[in-house]
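Asks: Below: sequence and its predicted model.
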Amino acid sequence: MSKPGEILLDKVTKKFGAITAVDSVDQVIEGGSYCCMIGPSGCGKSTLLRMIAGHETLSSGRILIGGNDVTTMRTGERGTALMFQDYALFPHLNLANNVGFSLKIHGVGKAERQERALEMLERVQLAQFANRMPSELSGGQRQRVALARALIMNPQVLLLDEPLSALDEFLRLKMRVELKRLQDDLGITFIHVTHTQPEAIALADKVIVMDHGIIEQAAHPRVIYDQPHSPYIARFMGGQNVVTGTVIKAGSERIVAEAADGAKFDFATKREVAVGEAIRFSVRRDKIHVVPRAEQDINAMQGEVANVEYQGTFVKVGLNTRQDDEFIIYMDDRAYFENPLNVGDSVISEWLAEDVCHLLGENNSSGD
Amino acid sequence: MNKTIISWLQVLPMATILIAFVGIPLATVVSLSFWTFDGLEYYPDFTFENYTKVFSSWVTWKIFFNTIRYAVITWAIALVIGFTVSYYLVFHVRNLKIQIALFLLCTIPFWTSTVIRMISWIPFLGREGLFNNALMSAGFVDQPLEFLLFSDFAVILTYVNLFTLFMIVPIFNAMVKINPNVIEAALDAGASQIQILWNVIIPLTRTGIALGTIFVMTLVMGDFFIVRVMSGGQSTSVVSAMKNNIDQLFYPQAAAMAVLLIAVVVFMVSAILRVVDVRAELAK
């Protein structure tokens, strides 16, 4: 028995001519959870969302919502509501009629429609504007109207297509909190498509990271951030440096790898590796320390300071190393200013083995 | 230079044109409608005699009724065609290039003069015309259809042929401005195609419909040539009656009729503008 609002994607595929936008995606999204889908543009996240909403037909596969197969069901009948990126309010209708539109379509009488629309507007604190037209509202207010309109039919699943991207930074953070609060209140499934990593991490119970039409990793945001599956995830989610090396000592639990410049690293692995195999791993940028001289000959890398950016709560230091990827360190601001660095300084960065994550996935794209 | 003078200078060119080509002729017509004519000469006067004549003649009412009938029928057909064509172009032809090509196709008839397009219907619709010949040789009818030419049918057909584009263009223009997501939002609310048409597309194209209505109505109301040629002289419109008056040198009476026609058209247009705030919607 599946919970209301549970979404099951079974080999969902969408092809546009020769291009495969979504490639055989399998996933279960728990009912009542907040799920964020993230990825670079063209990764298929919006197409997947639109297929769940019924605005796009599947090339093959099935979609189940709350245990019902909705693959061929009409949009508007499957218990989903979609909130559009540009809100798509009806420009010729006032707020009450915008919010009550679905009710009108479903044959609800005028008086009841008005009453329920007002109730819903009350919920998003816009009841006093019920007779205004959408063009008379600010961006944030329009967004709340769109939310009210989507929720009026009590959907099992609310689908949000980049809901915050049209807002300015300040409003975005405010609405982010509102969305989370609303989801807690309603207890329905939210699927939120975004291209902003902090948004996904802050909101989601489950983050689905996509690339080229497939799901690269789907997990709790802490897992995604701390234990990325592939170099792509590590780079795309940010906060990690990707390092390449060759295995020189294999073991069942710990391995030792060597970089091109002879630096050695040891860390735990989740997979058997063979000596001589090229592997990648990630190191948390905020767990790296800068030291003038190496105190250990392992888990350290030499580099030259290329740039320094003060970020308020920390200092971002970029190093030139022998690695292809940029190597960035987030230094504690107090520690940094006690011992400031100059561009061109040669420094040693070191870290602990437990802050390293062996990247098992093959996807090595840069994520942009 | 002070600002008032600059503003006056900016208004001047347009004002000059309007006064010279609209204001003065209109004033002439209005004042002429109060003059008297004794069969030989015109006398400046302020008499309502011309209006009394116009209003008391049942012919006037008949031709006004006839003209409005033409206008309404033409408008209704042009609206249905204009709306359907625009709807097809906007919502079914997704490829922009094909959309533009098809739109240009609609304008092809405008590459020749109105008169030629109108006259071309005659050999097509006549007793011995192409259409009748085709029908007879195909065996659908034994005798040529008489109503095809020199009839109300021919008049309205020509009007529709000539004026529908004036309906298509503003409706098309209003329709392409509809955000496709708004239609998807309606679909998401569970609306059927008919419900979307009725609740979303028609309300959002009403500016275009209003503009097209104004164009078609005024064009039909102002015509005398098409009526005369295509009805074979059997039907009269307000303007063709006016032309008869002018031919007989009854200028004041023609002027009175013209004032009446202007009043009717102004009333219709302002009624439309009352329902649809065209200016506000065009500014969007």
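Replies: That came through fine.

Asks: Next, report how far stretch B:14-31 is displaced from the centre of its chain.
Replies: Relative to its chain's centre, stretch B:14-31 lies at 22 Å (CA atoms, centre = their mean, to the nearest Å).

Asks: among the helices and strands of chain B, which has the poorest mean pLDDT?
Replies: helix B:278-283 (a mean of 69; mean pLDDT, DSSP states H and E).

Asks: Run a quick neighbour tally on the residue of the stretch 101-250 of chain B found nearest chain A.
Replies: Nearest residue of the stretch 101-250 of chain B to chain A: B:Gly190, at 2.9 Å (CB to the nearest CB). (C-beta placed from N, C-alpha, C; glycine too.) When neighbours are counted by other CB atoms under 10 Å in any protein chain shown, B:Gly190 registers 18.

Asks: can you check B:Val85 too?
Replies: B:Val85 is flanked by 19 other residues according to other CB under 10 Å.

Asks: Excluding chain neighbours, what is closest to it?
Replies: Excluding its sequence neighbours, the residue lying closest to B:Val85 (CB to CB, 6 or more residues apart in numbering or on different chains) is B:Ile168, at 5.3 Å.

Asks: what are the ranges of the strands in the stretch 51-200 of chain A?
Replies: Using DSSP state E, counting those that start in this stretch, the strands assigned to the stretch 51-200 of chain A run over residues A:60-65, A:68-69, A:80-83, A:157-161, A:189-194.

Asks: Contacts for the first one next, please.
Replies: What it means is strand A:60-65. A:2, A:5-13, A:24-25, A:51-52, A:69-71, A:78-80, A:156-157 (CB atoms under 8 Å, 6 or more residues apart in numbering or on different chains).

Asks: list the contacts for A:Ile208?
Replies: A:Gln27, A:Cys35, A:Cys36, A:Met37, A:Ile38, A:Lys45, A:Ile215, A:Gln217, A:Ala218.

Asks: backbone phi and psi for the closest residue to the last one other than its chain neighbours, please?
Replies: Spatial nearest neighbour of A:Ala218, excluding adjacent residues (CB to CB, 6+ apart): A:Ile208 at 4.4 Å. Backbone geometry at A:Ile208, expressed as degrees, to the nearest 10, gives phi -110, psi 110.

Asks: what's the spacing between A:Ile208 and chain B?
Replies: According to CB to the nearest CB, to the nearest Å, A:Ile208 and chain B sit 22 Å apart.

Asks: and the strand or helix carrying B:Thr158, average pLDDT?
Replies: Using DSSP states H and E, B:Thr158 maps to helix B:152-176. Average pLDDT, helix B:152-176: 92.

Asks: what do you get for stretch B:39-55?
Replies: 86.

Asks: Look at the closest residue to chain B within the stretch 51-200 of chain A and report its pLDDT.
Replies: Using CB to the nearest CB, the point where the stretch 51-200 of chain A gets nearest to chain B is A:Gly76, with a distance of 2.9 Å. The model reports A:Gly76 with a pLDDT of 82.

Asks: Check A:Met175 too.
Replies: In this model, A:Met175 is scored at 89, pLDDT.

Asks: What about the residue nearest to it when sequence neighbours are not counted? Give its phi and psi, please.
Replies: In this structure, A:Met175 finds its nearest non-sequential neighbour in A:Leu164, 5.7 Å apart by CB to CB, 6+ apart. Main-chain dihedrals, A:Leu164, degrees, to the nearest 10: phi -100, psi 0.

Asks: and residue 135, how many neighbours?
Replies: Just going to use chain A. A:Ser135: 9 surrounding residues under other CB under 10 Å.

Asks: Hmm, no, I was thinking of chain B.
Replies: So B:Leu135, with other CB under 10 Å, has 17 neighbours.

Asks: Confirm that it sits in a strand.
Replies: No. Under the criterion used here (DSSP: H, G, I helix; E, B strand; the rest coil), B:Leu135 is helix, not part of a strand.

Asks: Tell me if I'm right that it and B:Gln143 touch.
Replies: No. Contact between B:Leu135 and B:Gln143 fails when scored by CB atoms under 8 Å: they sit 9.8 Å apart.

Asks: So for the residue in the stretch 1-150 of chain B positioned nearest to chain A, what's the pLDDT?
Replies: Closest to chain A within the stretch 1-150 of chain B is B:Arg94: 12.7 Å, counting by CB to the nearest CB. On pLDDT, B:Arg94 comes in at 79.

Asks: I am finished for the moment; much appreciated.
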